[in-house]
Structure formats: C-alpha cells, structure tokens
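J.: Got a predicted structure here, sequence first:
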Amino acid sequence: MTDTTWMYENFEPAGSAIGYRVTRKLDEVQSPFQKIEIYESTDWGNLMLIDGAMMLTTRDNFLYHEMMSHPALFTHADPKQVVIIGGGDCGTLREVLRHPGVEKAVQCDIDEQVTRMAEKYFPELCESNGDSRAQLLFDDGIAYMANCAPSSVDIVIVDSTDPVGPAEGLFNRAFYESCFRALKDDGILVQQSESPLVLLDLIREMRGEMRKAGFNAFQTLPFPQPCYPTGWWSCTLARKHGDDGFGFREVDARDKAFATKYYSADTHKGAATLPPFVAAALAE
C-alpha cells in the first residue's frame, strides 16, 4: 500500500461503488464466520469491513446507531428489556443504554471478533459495555430468540449485516415468529432494512415475512448513511397490534437528558414522512 490508496467497494445490485482514501491496513482477522478488516482513512477515521463490505466508519456511524435505537425506544411507552441481535460493534448497545429506563440490554452476536475489533479500533462505541445493565453474549442470535421466554422483551433490535452469510437467517418468517413470541403485547421489533432507493423489493419482502409471523403494523424510517450503498439506508419497525400505532413520546424525545448528533424529535417526525415513491411501494 502506498502512502495513500483508494479502496472501493463495488455494489453490483445498484451498479455503483463507494471509495475511501486509506493510508494503511490496521488489522485483519479471519474468524470462524467471516473476514474482518480495519483500515485507517484520511478523512473518515477508521473503517471496518466484513467480507469486503463496509460496516462502519468513525465519521458516520452515529447516523445508523442512533436511528436503529432511539425511534423505537421513544415509540415504546416504557421500554425496560431490550435485546439486540447482532450489533457486535456495540454502537447500538451504547445508544440503547443512554435511556435511563432500560433495565437490561442483551446483545447477542455470533462473532466475538467483531466486538474485540471494535474495542480496539472504535473504543468510543464500546464505552457502555461495562454498564451493569449490559449483557454481551457471543452466540447464535436465531437460537437465542427461539429460546427467549414468551412475552419477556419490550424491544428486539436486529442490527445485522446484509441478508447473506451468517445474517441470512435473520430475514425470514421463522426468525420473526421467534421475535413475535418473545415480545410483550406492546413490544416493537426493529430491523435494519437496507436501501429504500434500490432495495425496495427487499423491504417489501421483509415486511411480508413479518406479517406472516403475526406482526400487523409497520413503519420504515429512511436516514442518510454515506458508507452504505447509495448513501441512503433505513430501519423498519413492526408491532403486534396496528392500533398501537407509531406515535412517539415527542416530549420525552425533545427533553432527553443525553446528546445525539442526528436523532431528534424533529428528525424522527421527518423520517416518518416517507417520500411518495417509497410510500407507494410500501402501501399495505
């Protein structure tokens, strides 16, 4: 590698690529599940790639982590028990534990090496790992949800990679049925749901599988994410009962006692107003 090298990730489904100017490779490990690489960039801090796909950068990860956590936690009336499936970089766990009402947050990621790399190269994301309310498990998230006690969880956040490889089983009816059973009646499921610009079919399919599992109300929230294909990403919330709706505790969101870089009550409201082409595609 020269003093500076451009590294590109090609995204075949969109016929596009994203590139970063990097100075050196900091680390690489082949776990039993995937290859994890860490690079130092000139403008985006450290980069983490898994099997050649960009997972996070120091500069923009807050967008994803805040939107994967705060909309759901402020939508739920009183979230106390939270489960994160995946999320090995621990950024979503950190955001969840900013909510003082949360009594326990379990993070279950199959690959311990992701967390160890995050601890070393993204320590700011792991600052809540020692919180007494946090439980870090390195195990199969599908099996964990299948074995969860019925009606024991307020929020399940599926912070997974793309629906291939180890994460493939996190996007189907059987997994969502496990989540449905584990959630309390007012519980919320959150799933990262890819790009609404080029992967709307996947979002529709995901919502269809959630519906087959018993969920009957959905809300997809787009947000910017420069390091992911197209630069525009989303999360999808699902509820057991449509009459619970997706109104959120706006006063609490405005008066939250912690700082965020992207999420706010107004950002939440804006994300809930889908562009017409997305709303039409996802119309029930």
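T.: Here it is on my side, so go on.

J.: Tell me how far the lengthiest strand in the chain lies from the chain's centre.
T.: Counting by DSSP state E, the longest strand found in the chain is strand 16-30. Counting by C-alpha atoms, centre = their mean, to the nearest Å, strand 16-30 is centred 21 Å from the centre of its parent chain.

J.: Using CSV, write out every CA atom in that strand.
T.: C-alpha atoms of strand 16-30 as CSV (Å, rounded to 0.1, in the frame of the first residue of the first chain):
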residue,chain,number,x,y,z
SER,A,16,-22.4,1.6,-8.1
ALA,A,17,-19.3,1.8,-5.9
ILE,A,18,-18.1,3.8,-2.9
GLY,A,19,-14.5,4.7,-2.3
TYR,A,20,-12.3,5.8,0.6
ARG,A,21,-8.8,7.1,0.6
VAL,A,22,-6.9,4.9,3.0
THR,A,23,-3.4,5.2,4.4
ARG,A,24,-2.8,1.7,5.9
LYS,A,25,-4.5,-1.5,7.0
LEU,A,26,-4.5,-1.6,10.7
ASP,A,27,-5.7,-5.2,11.3
GLU,A,28,-7.3,-8.3,9.7
VAL,A,29,-8.7,-11.4,11.2
GLN,A,30,-10.5,-14.4,9.7
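
J.: Tell me if residue 13 really is in a helix.
T.: Yes. Membership of residue 13 in a helix is supported by DSSP: H, G, I helix; E, B strand; the rest coil.

J.: OK, contacts around the residue most central in space within the chain?
T.: In the chain, the residue lying closest to the centroid (C-alpha atoms, centre = their mean) is residue 159, at 3.4 Å. Each residue near residue 159 by C-beta atoms under 8 Å, 6 or more residues apart in numbering is listed here: 68, 84, 85, 86, 87, 92, 192. C-beta here means a position set from N, CA and C on the backbone, and glycine is covered the same way.

J.: so can I have TSV of these showing neighbour count and secondary structure?
T.: Listed next are those as TSV, based on neighbours: other C-beta atoms under 10 Å; DSSP: H, G, I helix; E, B strand; the rest coil:
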residue	neighbour count	secondary structure
68	26	helix
84	29	strand
85	26	strand
86	22	strand
87	30	coil
92	27	helix
192	27	strand
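
J.: now, which of those sits nearest residue 32?
T.: residue 86 (16.1 Å; C-beta to C-beta).

J.: May I have the beta-bridge partners of the closest one?
T.: residue 159 (DSSP bridges).

J.: Okay, now the unreliable bits of the protein?
T.: Across the chain, the ranges flagged by pLDDT under 70 are 1-2, 161-171, 284.

J.: Start from the N-terminal end of it and give the strands.
T.: 5-11, 16-30, 35-41, 46-50, 53-57, 81-86, 104-108, 134-137, 153-159, 183-192, 217-224, 232-239.

J.: sorry, back to before: who does the longest strand of the chain pair up with?
T.: Partners of strand 16-30 in its sheet, by DSSP bridges: strand 5-11 (antiparallel), strand 35-41 (antiparallel).

J.: Would you confirm that residue 236 contacts residue 217?
T.: No. Counting by C-beta atoms under 8 Å, residue 236 does not reach residue 217; the two are 11.1 Å apart.

J.: So for these two, which sits in the more crowded spot?
T.: Legend: neighbour count by other C-beta atoms under 10 Å for residue 236 and residue 217, higher for residue 236 (21 against 18).

J.: and the closest residue in space to the more buried one that isn't next to it in sequence, how many residues sit next to it?
T.: Among residues not flanking residue 236 along the chain, residue 193 sits closest, at 4.1 Å (C-beta to C-beta, 6 or more residues apart in numbering). Residues lying near residue 193 (other C-beta under 10 Å) number 23.

J.: again with residue 201
T.: Using other C-beta under 10 Å, residue 201 is surrounded by 10 other residues.
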